[in-house]
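>>> Need coordinates for the below:
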Amino acid sequence: MKRFLPIAALSVLTLAGCANTAGYSGDVYSGNQAKTSQSVRLGTIAAVRPVQIQADSRAGGLLGSGGGAVIGGLLGNQVGGGSGRQLATVVGALGGAVAGTAAEERTNRIDALELEIALDNGSDVVVVQRADRQFQPGQRVRLIGSGANVSVAPY
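Presented below is the predicted three-dimensional model:
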């Protein structure tokens, strides 16, 4: 049983970071964007600010909280005896659920950039995307797409 705990803990923490964050990149297109016409607007980077994106978990947070509760309960069950053991199991499960949720949220954060762009038509827009390339104020860029599907690329 004691050999099982480290393996279970590593498995849960590994699975907790399973959010698909590729879609937040300016270089990744979804399948429904392929072979479709997209609008292009030109502009200049006015400001760049580092931010983070909290990616959604594919399991809806259940891996972190559920896995943490199981591991915490197993660890709590190793303490004491009788009703003390039951109490330690419950406390361990609750503490594990909280810790597992926090761990999953941390692993699902990705570094991103908030790009303020002065468009050539006189309007300003802000786009947040994964920080997988460098942008500088004054740099000319293309905004590709529209609405919720806009990516910024160098011009």
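>>> what about the helices in this protein?
Ranges of helices in the chain, per DSSP state H, are 4-16, 62-76, 83-107.
>>> ok, of those, where does mean pLDDT dip lowest?
Note on the helices of the chain: helix 4-16 shows the lowest mean pLDDT, a mean of 50.
>>> Enumerate the beta-bridge partners assigned to the closest residue to Ala112 other than its chain neighbours.
Distances taken as CB to CB, 6 or more residues apart in numbering put Ile53 closest to Ala112, at 4.6 Å, once the chain neighbours are dropped. All C-beta spots, glycine's among them, are computed from the backbone N, C-alpha and C. For Ile53, the beta-bridge partners under DSSP bridges are Ile110.
>>> correct me, but Ile53 touches Asp132?
No: using CB atoms under 8 Å, Ile53 makes no contact with Asp132, being 11.8 Å away.
>>> Out of those two, name the residue with the larger neighbour count.
Taking neighbours as other CB atoms under 10 Å, Ile53 and Asp132 compare with Ile53 leading, 18 against 15.
>>> what about that one, distance to Gln139?
21 Å (CB to CB, to the nearest Å).
>>> just Pro154 next, same as before
7 Å.
>>> Looking at these two now, which is surrounded by more residues?
Gln139 (16 against 12).
>>> so what's the backbone phi/psi at the more buried one?
Backbone torsions for Gln139, taken as degrees, to the nearest 10, come to phi -80, psi 140.
>>> so it touches Ala153, yeah?
No: counting by CB under 8 Å, Gln139 sits too far from Ala153 to count as a contact (10.8 Å).
>>> Who's the closest spatial neighbour of Gln139, skipping the chain neighbours?
Per CB to CB, 6+ apart, closest to Gln139 is Ile45, 4.6 Å.
>>> Quick check, pLDDT for the one you found.
pLDDT, Ile45: 98.
>>> close enough to count as contact, it and Gln136?
Yes: Ile45 is within contact range of Gln136, at 6.4 Å (criterion: CB under 8 Å).
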